[in-house]
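Enquirer: Here's my sequence, what's the structure:
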Amino acid sequence: MLVFSGGAVAGGATEASVMEQYARIELGYRGRIELEEASRSTWENVTNVVPLLEAVDVIKFVSNAQHAEKARAYLWKQRPDLAARLAPGSEHRFGEDLPLKPAAWTKVAHSRIRRGRFRRAARQAQQSRVTPIGSGSAA
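Expert: So this is what the prediction gives:
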């Protein structure tokens, strides 16, 4: 069973109904879907789906990483007995949100530059038989 939760944010369509249409039309999902269309916040998303979660063995939140983490924390606060059934769900990777992409790529580029500098220093040291600083070797 899939549960989609979320009320209308802008316009008439609810977040839950938009996700249901995506699952049915784009992904071809033919299984059971339950909608919760009244919530206006993540706290309400969790509160309002709790009755639907009572009978399931495994609970997964599928969203962007920050939202999924917040939902898991809220479930632990509201219903620790149900939170014990949590399992990892599909989450977007760090930097997938458009505003975060420049920061994510800056971090990746900085890391690659630092690794490249260390490798060059290590190669140069090996050629001159000098131990590079920070290699873990003690003199």
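
Enquirer: Where does pLDDT dip in the chain?
Expert: Residues of the chain meeting the criterion pLDDT under 70: 91-139.

Enquirer: how does it divide into domains?
Expert: Using automatic domain parsing, the domains assigned to the chain come out as 2-83, 93-139.

Enquirer: okay, now H67: neighbour count?
Expert: Each residue near H67 was counted by other Cβ atoms under 10 Å, and the total is 16. Yep, even glycine has a C-beta here, placed from its N, CA and C like the rest.

Enquirer: Settle this for me: it is touching T42, isn't it.
Expert: Yes. The pair H67 and T42 passes the contact test of Cβ atoms under 8 Å, sitting 6.5 Å apart.

Enquirer: Could you measure from the closest residue in space to V46 that isn't next to it in sequence over to S39?
Expert: With Cβ to Cβ, 6 or more residues apart in numbering as the measure, Y74 is the residue that lies nearest to V46, at 4.3 Å, once sequence neighbours are left out. Look at Y74 and S39: by Cβ to Cβ, to the nearest Å, they are 11 Å apart.

Enquirer: tell me the contacts of V3?
Expert: I33, E34, L35, E36, V49, L52, L53 (Cβ atoms under 8 Å, 6 or more residues apart in numbering).

Enquirer: Spell out which helix or strand contains the fifth one, please.
Expert: According to DSSP states H and E, V49 maps onto helix 42-53.

Enquirer: Buried residues of that helix, list them for me.
Expert: T42, E44, N45, V46, T47, N48, V49, L53 (16 or more other Cβ atoms under 10 Å).
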